[in-house]
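Enquirer: okay, structure incoming, though there's no sequence with it:
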Ligand code: ATP
Ligand code: MG
């Protein structure tokens, strides 16, 4: 192990482990950051595991937040950074194939690593950069495989979400899933029904944005795990989603597999996400009913339009970039709605909206100039034709 690289990557966080040690406790970097460090990948969060109890952690570090104190997790704030510190624990009483409500604190690092899902996620590093790897995680990193810690059937029976997590790590890292682990997923697939849709979507989101998403989706469909998950159960066609956001990927999945919007709602996405996917649908409808590109660009965000235009081959990104709209919104028009009402001279009503729409369109399509004179001509023609 290259100690300079360790110092550089973990930097000031090493002082935190030392602070635990000075207070008489053990503390280690653990999980994702160790895996990503060994892979030489960037990592953002540093998780720490310790034999200090949560109350003891809070005494050592004054600034802290009780993020999940019932599970033994405290977030400590040091300078500008925050770290999740979790007391060594086991998870014994799995009920209904989900992570347990209660956990038991233990005194041994190995026991804590034993409860973790995959060998590559079950390694720890101490403040000197020494690796603790009881489950051959380093070997599996080298072989690029996702393999459960201990018996896969038991581990998936305990917490069924781990099956989906296998595919999400396979996608994130571009790894294969070890044979017995994959077999166990096929055997236990139905148990995913017990897991809440929120936890499922959280993993699926990460799966879709991983570099190996296409291969992982293929493996997922092949395992039939998706048959027991709403929306995913209707997927048979996939593409490589590497260049798309989560919402864009869901929109594409719905399109190519002909899945209804109602079905998509079963994923209980946020309102913002639902709204975003509806916007994609509306832009697509506008394109297919031959509404001019200029008008579509006026009504929607340019990135959203570019996505639909390129995905459905309506036009190229270059065609969109070429367009310079004379106005961005009604505020840019050289007349106010009050003036419109006084010129048309009619009680306010839905007609105002219609006139504004026509006025905007004519300006955008350069049928009239955005000058007071042209707009007045436009309005007076309407008034006189009534
Ligand atoms: P990422 O960087 O993508 O977040 P991560 O490894 O940090 O990857 P998390 O889901 O944040 O993944 O989980 C942190 C660690 O907690 C994992 O590395 C693993 O050791 C453990 N873990 C998380 N969920 C489970 C689970 N359902 N069963 C067993 N261990 C788990
Ligand atoms: Mg994490």
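Expert: Received it, and whenever you're ready, just let me know what you need. Here the structure is a predicted model, which means the values were calculated and not measured. Ligands and ions are numbered 1, 2, ... in the order given.
Enquirer: need the contact list for residue 54.
Expert: By Cβ atoms under 8 Å, 6 or more residues apart in numbering, residue 54 lies in contact with 66, 69, 72, 73, 74, 87. From N, CA and C alone the C-beta is placed, and that goes for glycine too.
Enquirer: distance from stretch 341-356 to the middle of the chain?
Expert: How far stretch 341-356 lies from its chain's middle: 45 Å, per Cα atoms, centre = their mean, to the nearest Å.
Enquirer: likewise stretch 6-21?
Expert: With Cα atoms, centre = their mean as the basis, the distance from the averaged C-alpha position of stretch 6-21 to the chain average is 29 Å.
Enquirer: got the end-to-end distance for it?
Expert: Chord length of stretch 6-21, first to last residue, is 18 Å (Cα to Cα, to the nearest Å).
Enquirer: average pLDDT for that stretch?
Expert: Taken as a whole, stretch 6-21 has an average pLDDT of 95.
Enquirer: tell me the buried residues in it?
Expert: Judged by neighbour count using 16 or more other Cβ atoms under 10 Å, the buried positions of stretch 6-21 are 6, 9, 10, 13, 14, 16, 17, 19, 20.
Enquirer: ok so residue 189 is a helix residue?
Expert: Yes - assignment of residue 189 by DSSP: H, G, I helix; E, B strand; the rest coil places it within a helix.
Enquirer: gap between it and ligand 1?
Expert: Shown here: residue 189 relative to ligand 1, a distance of 16 Å by Cβ to the nearest ligand atom, to the nearest Å.
Enquirer: wait, doesn't that residue sit right on residue 222?
Expert: No - at 10.9 Å, residue 189 does not count as touching residue 222 under the criterion of Cβ atoms under 8 Å.
Enquirer: for stretch 375-384, the averaged confidence score.
Expert: For stretch 375-384, the per-residue pLDDT averages 91.
Enquirer: I should have written stretch 214-228 there, sorry.
Expert: Predicted confidence along stretch 214-228 averages 98 (mean pLDDT).
Enquirer: go on, stretch 329-348?
Expert: 90.
Enquirer: shift numbering so it begins at 54
Expert: Sure, I'll start counting at 54 from here, so that last one is stretch 382-401.
Enquirer: check what contacts that stretch and list those residues.
Expert: The contact list for stretch 382-401 (Cβ under 8 Å, 6+ apart) reads 379-380, 404-405, 408-409, 412-413, 416, 423-425, 428-429, 432-433, 435-436.
Enquirer: in stretch 72-84, which residues are buried?
Expert: For stretch 72-84, using 16+ other Cβ under 10 Å, the buried residues are 72, 73, 78, 79, 80, 81, 82, 83, 84.
Enquirer: let me see the contact set for the second one.
Expert: Residue 73 makes contacts with 79, 80, 103, 105, 113, as judged by Cβ under 8 Å, 6+ apart.
Enquirer: contacting ligand 1 as well, which ones from those?
Expert: Taking Cβ under 6 Å from any ligand atom as the test, ligand 1 is in contact with none of the contacts of residue 73.
Enquirer: please produce CSV containing those residues, extended by distance to residue 270 and secondary structure.
Expert: CSV is the format used below for the contacts of residue 73 (distance: Cβ to Cβ, whole Å; DSSP: H, G, I helix; E, B strand; the rest coil):
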residue, distance to residue 270, secondary structure
79, 40, coil
80, 38, strand
103, 38, strand
105, 41, coil
113, 44, helix
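Enquirer: could you export these as CSV, including pLDDT?
Expert: Formatted as CSV, the contacts of residue 73 follow (pLDDT from 0 to 100):
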residue, pLDDT
79, 98
80, 98
103, 98
105, 97
113, 96
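Enquirer: for these, which one is nearest ligand 1?
Expert: residue 103 (14.5 Å; Cβ to the nearest ligand atom).
Enquirer: ok, residue 242 and residue 275, which is more surrounded?
Expert: Using other Cβ atoms under 10 Å, the more surrounded residue of residue 242 and residue 275 is residue 242, with 19 against 12.
Enquirer: without its sequence neighbours, what residue ends up closest to the more buried one?
Expert: Leaving out its chain neighbours, the residue that sits closest to residue 242 by Cβ to Cβ, 6 or more residues apart in numbering is residue 278, at 4.5 Å.
Enquirer: list the contacts of the one you found.
Expert: Going by Cβ under 8 Å, 6+ apart, residue 278 touches 216, 217, 220, 238, 242, 245.
Enquirer: the fourth one and residue 378, how far apart?
Expert: Pointing back at residue 238 there. Residue 238 sits 51 Å away from residue 378, taking Cβ to Cβ, to the nearest Å as the criterion.
Enquirer: which one of these two has more residues nearby?
Expert: Set side by side, residue 238 and residue 378 show more neighbours around residue 238, with 28 against 14, by other Cβ under 10 Å.
Enquirer: surely that one meets residue 209?
Expert: Yes - under the criterion of Cβ under 8 Å, residue 238 makes contact with residue 209 at 6.6 Å.
Enquirer: mutual contacts of these two, please.
Expert: Here residue 238 and residue 209 have residue 216 as joint contacts, going by Cβ under 8 Å, 6+ apart.
Enquirer: which of the helices or strands spans residue 135?
Expert: Residue 135 is part of strand 134-140, with elements assigned from DSSP states H and E.
Enquirer: and the very next helix or strand once past that strand, what does it pack against?
Expert: Going down the chain from strand 134-140, the next helix or strand is strand 142-143, by DSSP H and E. Contact here means 3 or more Cβ pairs under 8 Å, 6 or more residues apart in numbering; DSSP states H and E; on that basis strand 142-143 packs against strand 157-158, helix 162-167.
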